[in-house]
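Engineer: Starting from these lines, generate the structure:
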Amino acid sequence: MTFKSIIALTVVLSLASVSSIYADASLYEILDYDVGYDIENAELLVMDLDVDFTSLSIEIIAFEDGFIELNIPRGLLDSTFDDEDDIFYVIIDGTESDYLEVNSNDATRTLIIPFFIDDEEIEILGTSVLTLEPTIVEIPSWVKNNAGWWSEGLLNDSDFVEGIKYLINDGVIVIPFTESSENPGDGIPSWVKNNAGWWSEGLLNDSDFIAGIQYMISNGILVV
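Structural biologist: As a prediction, this is how the structure comes out:
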């Protein structure tokens, strides 16, 4: 344990016997998990989960030396080894720091992390972090049937466009944000219909088909 870390840990004990200039206790919601916190002599600005680095990062404004107590749900962030609790790594403004773990149960782990005046970022690194499973939306078969009929001229443009608008508004087809043109184009180009036909036959993937839909939106052919 470094000399600075020893000093930092004594902050928790010393602050318990004196009045703080600022204190706040609340819940911070991250991906449907509530992280309970109690912060002394600082203001909590942002709390974010970094899936890539298996860490929870916290931005603060520290008015004086203080500490933050965090009640971290295990489902959000945890640190284990061979199915046993392991230590977290706490980094404050780029420097490794110590902490106290004051409670542990099946659902949560509670840490007290001291900080110094003007510290700004606390990062807690674990071994496991919440990952969101991608939502798989099954596109109904009639949509691809419509695309095939439209490409063959058996379905008119307006009916096909209305079907696509319905699917976008209903969340079946998700289109990334696309600016709509104020000047409508000269009509649906042949390659879009070709794409629709190939997509209906499984020869074109969803992303390429969606690129054609984006083209129609950006050129004012399809308004959603």
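Engineer: Let me know the average pLDDT across stretch 61-69.
Structural biologist: The average pLDDT for stretch 61-69 rounds to 95.
Engineer: Let me see the residues that make contact with it.
Structural biologist: For stretch 61-69, the surrounding residues in contact (Cβ atoms under 8 Å, 6 or more residues apart in numbering) are 11-12, 15, 20-22, 37-45, 58, 60, 102, 110-120, 122. Every C-beta, even on glycine, is put in place using the N, C-alpha and C of the backbone.
Engineer: Just the buried subset of those residues, please.
Structural biologist: Neighbour-count burial (16 or more other Cβ atoms under 10 Å) is assigned, among the contacts of stretch 61-69, to 11-12, 15, 20, 37-42, 44, 58, 60, 110-116, 119, 122.
Engineer: Tell me which of those fall in strands.
Structural biologist: Within the buried ones among the contacts of stretch 61-69, residues falling in strands by DSSP state E are 37-42, 44, 58, 60, 110-115, 122.
Engineer: Sketch out the low-pLDDT regions of this protein for me.
Structural biologist: By pLDDT under 70, the low-scoring segments of the chain are 1-21, 131-138, 172-187, 221-224.
Engineer: Mind jotting down where the helices sit in it?
Structural biologist: 3-15, 141-151, 157-169, 190-200, 206-218 (DSSP state H).
Engineer: Can you tell me which of the ones in strands among the buried ones among the contacts of stretch 61-69 is closest to D206?
Structural biologist: I58 (37.7 Å; Cβ to Cβ).
Engineer: residues in contact with that closest one?
Structural biologist: Counted by Cβ under 8 Å, 6+ apart, I58 has contacts L44, V46, M47, D48, I68, L70, E121, I122, E123, I124.
Engineer: The first one is in contact with V35, isn't it?
Structural biologist: No - look at L44 against V35 with Cβ atoms under 8 Å: they stay out of range, at 10.1 Å.
Engineer: Identify the contacts common to those two.
Structural biologist: Contacts common to L44 and V35, judged by Cβ under 8 Å, 6+ apart, are Y28.
Engineer: residues near N105, how many?
Structural biologist: 8 (other Cβ atoms under 10 Å).
Engineer: For it, what are phi and psi?
Structural biologist: phi -140, psi -170 (degrees, to the nearest 10).
Engineer: care to break this structure down by domain?
Structural biologist: Domain segmentation of the chain under automatic domain parsing yields 3-129, 141-218.
Engineer: wait, which of the helices of the chain is closest to T80?
Structural biologist: helix 3-15 (23.1 Å).
Engineer: Excluding chain neighbours, what is closest to I91?
Structural biologist: With sequence-adjacent residues excluded and distances taken as Cβ to Cβ, 6 or more residues apart in numbering, I91 is closest to E123, at 4.3 Å.
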